[in-house]
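Peer 1: starting from these lines, generate the structure:
(2 chains)
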Number of protein chains: 2
Amino acid sequence: MRLSLYFLPLLRETPSEAQIVSHRLMLRAGMVRQSSAGIYSWLPLGLRVLRKVERIVREEQDRSGAQEVLMPTIQPAELWKESGRYEDYGKEMLRITDRHEREMLYGPTNEEQITDIFRGSIKSYRDLPKNLYHIQWKFRDEVRPRFGVMRGREFLMKDNYSFDLDAKGAKHSYNKMFVAYLRTFARMGLKAIPMRAETGPIGGDLSHEFIILAETGESQVFCDKRWLETDILGVEVDYDGDLEPFFQQWTRLYAATDDKHKPETCPIPKDQLVEARGIEVGHIFYFGTKYSKPLGATVAGPNGETITVEMGSYGIGVSRLVGAIIEASHDAAGIIWPEGVSPFKVALINIRAADEKCRSAADDLYAKLRKAGVEVLYDDREESPGAKFATMDLIGLPWQLTVGPRGLAQGVVELKERKTGKREELTPEAALNRLAAGG
Amino acid sequence: MRLSLYFLPLLRETPSEAQIVSHRLMLRAGMVRQSSAGIYSWLPLGLRVLRKVERIVREEQDRSGAQEVLMPTIQPAELWKESGRYEDYGKEMLRITDRHEREMLYGPTNEEQITDIFRGSIKSYRDLPKNLYHIQWKFRDEVRPRFGVMRGREFLMKDNYSFDLDAKGAKHSYNKMFVAYLRTFARMGLKAIPMRAETGPIGGDLSHEFIILAETGESQVFCDKRWLETDILGVEVDYDGDLEPFFQQWTRLYAATDDKHKPETCPIPKDQLVEARGIEVGHIFYFGTKYSKPLGATVAGPNGETITVEMGSYGIGVSRLVGAIIEASHDAAGIIWPEGVSPFKVALINIRAADEKCRSAADDLYAKLRKAGVEVLYDDREESPGAKFATMDLIGLPWQLTVGPRGLAQGVVELKERKTGKREELTPEAALNRLAAGG
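Peer 2: The predicted model follows:
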């Protein structure tokens, strides 16, 4: 994409309403615009990241055997009255009355609705297990929305729901999500640590939060430092096999949130303990028959008996992750995108747009990078080199490829890695080969 | 995908609430489930089609140079008061009050919101033209929602908005969408005919509806029969070039809706006139400064003068298209998917699942098709051959590949084209090569 054509409204000044760094950087880099309190429009650059986060979530859900559906945003109130949560949910639920005076609501979560689909569709134990996910906008009417997309009112969430015949099957479904979540966050360049959690208003027996470490995190967390060295993606996982060993292995290391951690009873020595700030990016629950019972989600068993299905639910904050990744990965100059979620892979900078030779060399690199399937944002504008470098540092693409008159005279361009700041001069062909091969 | 694992709740009986064929077939084939009046959940098979329709729409928008954004579903009422449409819109607009008693609404369209983004971001004539699109759920509180996803209350729509300096630029933007729409529908296997239309509540000077022909269409349309032979995709289009000749060429042939067509004044002879039923699937508008003026969307011109931008808006009913495609392409046995939007390309049917030899041959074909990147739905269940054929005819994938004991004994499988019913026996390798190559 040529920057001269791209809709990328950068802000020169830091907006005063933004209290945290991800919110500031997302506004400055033209990723989002506030529509009203806690509600955002995603501009082209931000939307590209949102879609990449979404794609990784989807791919790992699919790999685990979950199947994608899409439930609507507007739900009938009756379902929530059946489960007993309609009154409980309080003012966070956005309640709506339609033109025929029917009570509706903007879904804050979908346990009731998926259970309704299940009970209307699945009748036999033979059709279990099932795990259905969807990625859909939700609404929670927070009293004081803040922190940009990290705590918005309208937000994109992946939520899914597992249905099993018995507790053993349900634990296997839980383990699948446990593993899929660790893989999902690792692919985004995040170190997510699962922590035993309270089940809260969702209810249930077993629950883990997934918390990523970021200096600016909302809560204090403690964990065994060996967690930081754990290589999640290096482990081969067979979702049809026994996942309990993975679950055991990845819950054995100490990890606790502020409210659970007691220095006096902490089982690991102090020099092995990491104390850090954390951000919750996922939450999984096993809650047995909490929804299937009141809503009558049953199947016929092998002998014709009626079995109330065992359920779990699992959530990842997709839009929240865009902010969380920035919280975990930035410096004073701007965002540092992990490659898996970066809006583009390469920033191509022509520092002398008016110079015919520079333009022709940069145009040529742009065409060849695109042809090689490399996503590239090309600054072809007439701006000062300083402004161009600052813009690209702010936007934070992993690689910056700079074309300038001095280098061209020697037959070289400059390649800079955003994360390390490491610079290297090489021929345009070598740069092209490197970036096409993986950077 | 193995049918034994797939969440595909087929209905044996035709649901009585469904009045039109697409609604009946979508319910029977397990594509959607009603959540409440005019609001649907998309089940895995239906969602696959929705995503393919969405992808074609997106690709053609991108090709035309439009840029994707994503505005939220919930909008502040103030914006609509600024444009003067808040009261006008009537009961079709879903009005919402949040916990702080602020007036909000579920967007039925986004002219106001995109204009707000524009006026807050773009200040100079140098940044024009711009064309921004998004694909987002909308809500229109129809009095009597019906016809399934063809006239739902919550529906997925691609809408976009062009911003130009002057009327000439705006007409070029209009022409781009005119061409992009014809290409979009053609890629879905549809013959869409542009018809001059009233601008209605959107307002403006110039407007075309895109109407596809289907026996069960909602309105009567008339067109020159040469329209049916027009090859849209065979024409090379350069969106940066002059598009007026395309616009002229594709509006020259007679086409009119019921209310505009008068037999006595019709300019073409009767034997050249097609009279048919039609379904509206897209609508484009050029409305000048109708929204930019009240909302103050201006840019500084070359001499510093203030220019109120010229706008157009363009809509495609993405979820509606799923129903419309079925209305245009089905027979007594079920759906006939055009290949570009089919949920899978191939139905692999093992007619004797209990037979070891059949299972191993079918499993082998399944693995090889997947490896070749062919999307395949594999009926590995223990059901009668008749039930399996009926299911696959209902679902309507373009190709049915059948493995049975009699054929295998002779070293062949059967390939049937759903659209023509043409059958052919060939070796598994030949079938594989054919399907991997394009069918």
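Peer 1: mind checking if stretch A:326-344 is in reach of chain B?
Peer 2: No. Stretch A:326-344 lies out of reach of chain B by Cβ under 8 Å from any Cβ of the partner chain, never closer than 11.9 Å. To be clear about C-beta, it is placed using only N, CA and C from the backbone, and glycine gets the same treatment.
Peer 1: show me what contacts the residue of chain A most remote from its centre?
Peer 2: Largest separation from the mean C-alpha position in chain A: A:A409, at 44.0 Å (Cα atoms, centre = their mean). Contact partners of A:A409, counting by Cβ atoms under 8 Å, 6 or more residues apart in numbering or on different chains, are absent.
Peer 1: which residues in the stretch 101-250 of chain A form helices?
Peer 2: A:111-121, A:167-187, A:244-252 (DSSP state H, counting those that start in this stretch).
Peer 1: export these to CSV and tack on mean pLDDT?
Peer 2: As requested, those are arranged in CSV below (pLDDT from 0 to 100):
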stretch, mean pLDDT
helix A:111-121, 96
helix A:167-187, 97
helix A:244-252, 92
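Peer 1: output these as CSV; include the columns distance to A:R102.
Peer 2: CSV is the format used below for the helices of the stretch 101-250 of chain A (distance: least, Cβ to Cβ, whole Å):
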stretch, distance to A:R102
helix A:111-121, 16
helix A:167-187, 34
helix A:244-252, 44
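Peer 1: closest one to chain B among those helices?
Peer 2: Of all the helices of the stretch 101-250 of chain A, helix A:111-121 sits nearest to chain B, with 3.6 Å by Cβ to the nearest Cβ.
Peer 1: so that closest one, near chain B or not?
Peer 2: Yes. Contact between helix A:111-121 and chain B, assessed by Cβ under 8 Å from any Cβ, occurs at A:113, A:116-117, A:120-121.
Peer 1: just the buried ones from those residues?
Peer 2: Among the residues of helix A:111-121 next to chain B, those buried by neighbour count (16 or more other Cβ atoms under 10 Å in any protein chain shown) are A:113, A:116-117, A:121.
Peer 1: state the pair within the residues you listed that is farthest apart.
Peer 2: Farthest apart among these by Cβ to Cβ are A:Q113 and A:S121. That separation is 12.6 Å.
Peer 1: what average pLDDT does the helix or strand A:D393 falls within get?
Peer 2: Per DSSP states H and E: A:D393 is located in helix A:385-395. Taken as a whole, helix A:385-395 has a mean pLDDT of 97.
Peer 1: elements contacting it?
Peer 2: strand A:334-335, strand A:346-350, strand A:376-379 (3 or more Cβ pairs under 8 Å, 6 or more residues apart in numbering or on different chains; DSSP states H and E).
Peer 1: chain center to it, what's the gap?
Peer 2: Mean C-alpha position of helix A:385-395 versus that of the full chain (Cα atoms, centre = their mean, to the nearest Å) differs by 26 Å.
Peer 1: for stretch A:219-234, same thing?
Peer 2: Distance, centroid of stretch A:219-234 to centroid of chain: 18 Å (Cα atoms, centre = their mean).
Peer 1: kindly export that stretch (C-alpha atoms) in CSV.
Peer 2: Output of stretch A:219-234 as CSV, limited to C-alpha atoms (Å, rounded to 0.1, in the frame of the first residue of the first chain):
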residue,chain,number,x,y,z
SER,A,219,-3.0,-6.3,37.9
GLN,A,220,-0.1,-7.7,39.8
VAL,A,221,0.8,-11.3,39.1
PHE,A,222,3.4,-13.8,40.3
CYS,A,223,4.9,-16.8,38.5
ASP,A,224,7.7,-19.2,38.5
LYS,A,225,10.4,-17.8,36.2
ARG,A,226,10.7,-21.1,34.3
TRP,A,227,7.3,-20.1,32.8
LEU,A,228,9.1,-17.4,30.8
GLU,A,229,11.3,-20.1,29.1
THR,A,230,8.5,-22.5,28.3
ASP,A,231,8.4,-23.1,24.5
ILE,A,232,4.7,-23.7,23.7
LEU,A,233,4.9,-23.8,19.9
GLY,A,234,7.8,-26.3,20.0
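Peer 1: which parts of it are buried?
Peer 2: A:221-224, A:227, A:230, A:232.
Peer 1: so stretch A:141-156, near chain B or not?
Peer 2: Yes. For a cut-off given as Cβ under 8 Å from any Cβ, stretch A:141-156 has contacts with chain B, namely A:141, A:143, A:153-154.
Peer 1: as CSV, the residues you listed with neighbour count and distance to A:A214 would be great.
Peer 2: Formatted as CSV, these follow (neighbours: other Cβ atoms under 10 Å in any protein chain shown; distance: Cβ to Cβ, whole Å):
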residue, neighbour count, distance to A:A214
A:D141, 23, 26
A:V143, 8, 24
A:R153, 24, 22
A:E154, 23, 23
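Peer 1: how about A:E375, what does it touch?
Peer 2: A:343-346.
Peer 1: rerun that using 10 Å as the cut-off
Peer 2: Going by Cβ atoms under 10 Å, 6 or more residues apart in numbering or on different chains, A:E375 touches A:1, A:48, A:52, A:342-346, A:369, A:397.
Peer 1: next one: A:E305
Peer 2: Here A:E305 is in contact with A:125, A:298-299 (Cβ under 10 Å, 6+ apart).
Peer 1: go on, A:R95?
Peer 2: Per Cβ under 10 Å, 6+ apart, neighbours of A:R95: A:77, A:80, A:86, A:89, A:103-106, A:141, B:96-99.
Peer 1: what about burial for these, which qualify?
Peer 2: Counted by 16+ other Cβ under 10 Å, the contacts of A:R95 give A:77, A:80, A:86, A:104-106, A:141, B:96, B:98 as buried.
Peer 1: among those, which ones are in strands?
Peer 2: Among the buried ones among the contacts of A:R95, the residues falling in strands (DSSP state E) are A:104-106, B:96.
Peer 1: nearest to A:L8 among these?
Peer 2: A:Y106 (30.6 Å).
Peer 1: buried residues in stretch A:245-256?
Peer 2: A:246-247, A:250, A:253-256.
Peer 1: circling back: angle of the helix holding A:D393 against strand A:346-350?
Peer 2: 170 degrees (axes from the mean of the first three to the mean of the last three Cα atoms, to 10 degrees).
Peer 1: after helix A:385-395, next one along is what?
Peer 2: Downstream of helix A:385-395 (by DSSP H and E), the next one is strand A:399-403.
Peer 1: who does the closest residue to chain B within the stretch 151-300 of chain A bridge with?
Peer 2: Nearest residue of the stretch 151-300 of chain A to chain B: A:E154, at 4.8 Å (Cβ to the nearest Cβ). Counting by DSSP bridges, A:E154 forms beta bridges with A:F139.
Peer 1: got the contact list for it?
Peer 2: So A:E154 contacts A:35-36, A:38-40, A:73, A:94, A:106, A:137-141, A:145, A:319, B:72-74 (Cβ under 10 Å, 6+ apart).
Peer 1: redo that, cut-off 8 Å
Peer 2: A:38-40, A:137-139, B:72-74.
Peer 1: go through those residues and flag which are in strands.
Peer 2: Those of the contacts of A:E154 lying in strands (DSSP E): A:39-40, A:137-139, B:74.
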